[in-house]
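1. need a structure here:
(chains A and B)
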Amino acid sequence: GAVVSQHPSWVICKSGTSVKIECRSLDFQATTMFWYRQFPKQSLMLMATSNEGSKATYEQGVEKDKFLINHASLTLSTLTVTSAHPEDSSFYICSATTPTGTYEQYFGPGTRLTVT
Amino acid sequence: AQSVSQHNHHVILSEAASLELGCNYSYGGTVNLFWYVQYPGQHLQLLLKYFSGDPLVKGIKGFEAEFIKSKFSFNLRKPSVQWSDTAEYFCAVNADNYGQNFVFGPGTRLSVLP
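-> Next up is the predicted model:
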């Protein structure tokens, strides 16, 4: 149980274009979803927290107009990287928590974004 | 702000050696503690977690961790590592004043030589 999927698993896009990454909880309703960014050989950095039906809460230093997060349902959150630049190339990982309140996060497999 | 440190950036062991990976956090309140593993090319998987109770917790694949509150530590151990344990290990802390957010440590890369 508690499986989280991401789509696509990898994407290459040109500078200036936008790309959308989906995060889905497959067998549970996710009250909260998180978006992380992981640079090569580094730890996960929390970008934002999203709750279904409300605006995402962004961490300091994360541009909310560049990284648009939509949590439209209890099983789907999307991250859109707008006007992508090569420095946005990274591994983006989402996670979700269940309504049980145990604070355990279930992680998706990640999406590797390469901006050329 | 909370922070999590992991003592070693890269650990290299031979098979059957014992493993201990250090994790320390900076927060004086109630915490939930986690160890995650990321095998090459795969996503994060939960190894074990501590919420309350017995400070010695056992996880999957023979891993265990001990929460020492006085030392703000949650070290991961395994008595005998295998080549398949080669991976990146992340300690994560959820503090009671931080909602459901995690703070991750920088990670420790474990390489087990066959």
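2. point to the helix or strand of chain B where mean pLDDT is at its lowest.
-> Taking mean pLDDT, DSSP states H and E as the measure, the helix or strand of chain B with the lowest value is strand B:103-104, at a mean of 90.
3. helix or strand next in line after that one, which one?
-> Following strand B:103-104 in sequence order, the next helix or strand is strand B:108-113 (DSSP states H and E).
4. the spatially most central residue of chain A: what's it in contact with?
-> Of all residues in chain A, the one closest to the mean position by C-alpha atoms, centre = their mean is residue A:35, 3.5 Å from it. In this structure, residue A:35 makes contact with A:23, A:46-50, A:56, A:67, A:69, A:77, A:79, A:92-94, judged by C-beta atoms under 8 Å, 6 or more residues apart in numbering or on different chains. Using the backbone N, CA and C atoms, a C-beta is placed for each residue, glycine as well.
5. so how many other residues sit close to the residue nearest to it when sequence neighbours are not counted?
-> Sequence neighbours aside, residue A:47 is the residue nearest to residue A:35 in space, at 4.6 Å (criterion: C-beta to C-beta, 6 or more residues apart in numbering or on different chains). Here the neighbour count serves as a burial measure; for residue A:47 (other C-beta atoms under 10 Å in any protein chain shown) it reads 23.
6. residue B:89 against residue B:39, yeah?
-> No: the criterion here is C-beta atoms under 8 Å, and residue B:89 misses it with residue B:39 at 10.3 Å.
7. so where is the chain shaky, pLDDT-wise?
-> In the absence of a named chain, this looks at chain A. For chain A, applying pLDDT under 70 flags the ranges A:1, A:100-103.
8. you answered for a different chain; I wanted chain B.
-> Across chain B (using pLDDT under 70), the flagged ranges come out as B:1, B:96-100.
9. what residues does it have near chain A?
-> Taking C-beta under 8 Å from any C-beta of the partner chain, the part of chain B that reaches chain A is made up of B:32, B:34, B:36, B:42-46, B:49, B:51, B:90, B:94, B:99-107, B:109.
10. my read is that residue B:49 contacts residue B:34, right?
-> Yes: Residue B:49 is in contact with residue B:34 according to C-beta under 8 Å; the separation is 4.8 Å.
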